[in-house]
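1. I need the structure of the sequence given here:
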Amino acid sequence: MLGKRVVFEDPRTNQREEVVSRQRVLDIPLRVVVADTRKAIRDLNLRGPKEIGHIVRDRFVMQNEPVFARTRIPVATVKRYLEAVFGEDEIIREYPDLTPGDIAAARSFDGRIAA
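-> Coordinates of the predicted model:
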């Protein structure tokens, strides 16, 4: 038994399958799955050159507030830091996913996003 399922090993193929559904049972070490998932998440979070300094709106991200592409960092937050005379390095220290290009985009952002 595997969990609460009955698993049969077919002597002809040496493959395991669940008795009721006849689905194959794979033995994949959990550490492999975890490592692959972490890598996939890292890859999803990488920002390409086209996304640096690019401001977007998405109704499913931060209630449609303008954010930097591929982040959830509101442009308004960075603008407030700039108004409070924070330097570029200080802002990037607070938000390591941002780049100088993003800070420059925030400086010149007037609330409009090109379609």
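
2. need the helices for this structure, in chain order.
-> Residue ranges of the helices in the chain, as given by DSSP state H, are 30-45, 75-83, 88-94, 100-108.

3. just the mean pLDDT for the shortest one, thanks.
-> Same thing as helix 88-94. Helix 88-94 carries an average pLDDT of 96.

4. run the chain-centre distance for it.
-> 21 Å (Cα atoms, centre = their mean, to the nearest Å).

5. who's in contact with it?
-> Outside helix 88-94, the residues that touch it by Cβ atoms under 8 Å, 6 or more residues apart in numbering are 78, 81-82, 98-100, 103. (Each C-beta comes from the backbone N, C-alpha and C, glycine too.)

6. kindly recompute the last result at 6 Å.
-> Contacting residues not belonging to helix 88-94 are listed as 81, 98, 100, 103 [Cβ atoms under 6 Å, 6 or more residues apart in numbering].

7. quick revisit: now mean neighbour count and distance to Asn14 too, for the helices of the chain, in a markdown table please.
-> Converted to a markdown table, the helices of the chain look like this (neighbours: other Cβ atoms under 10 Å; distance: least, Cβ to Cβ, whole Å):
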| stretch | mean neighbour count | distance to Asn14 |
| --- | --- | --- |
| helix 30-45 | 9 | 20 |
| helix 75-83 | 16 | 58 |
| helix 88-94 | 14 | 55 |
| helix 100-108 | 17 | 54 |
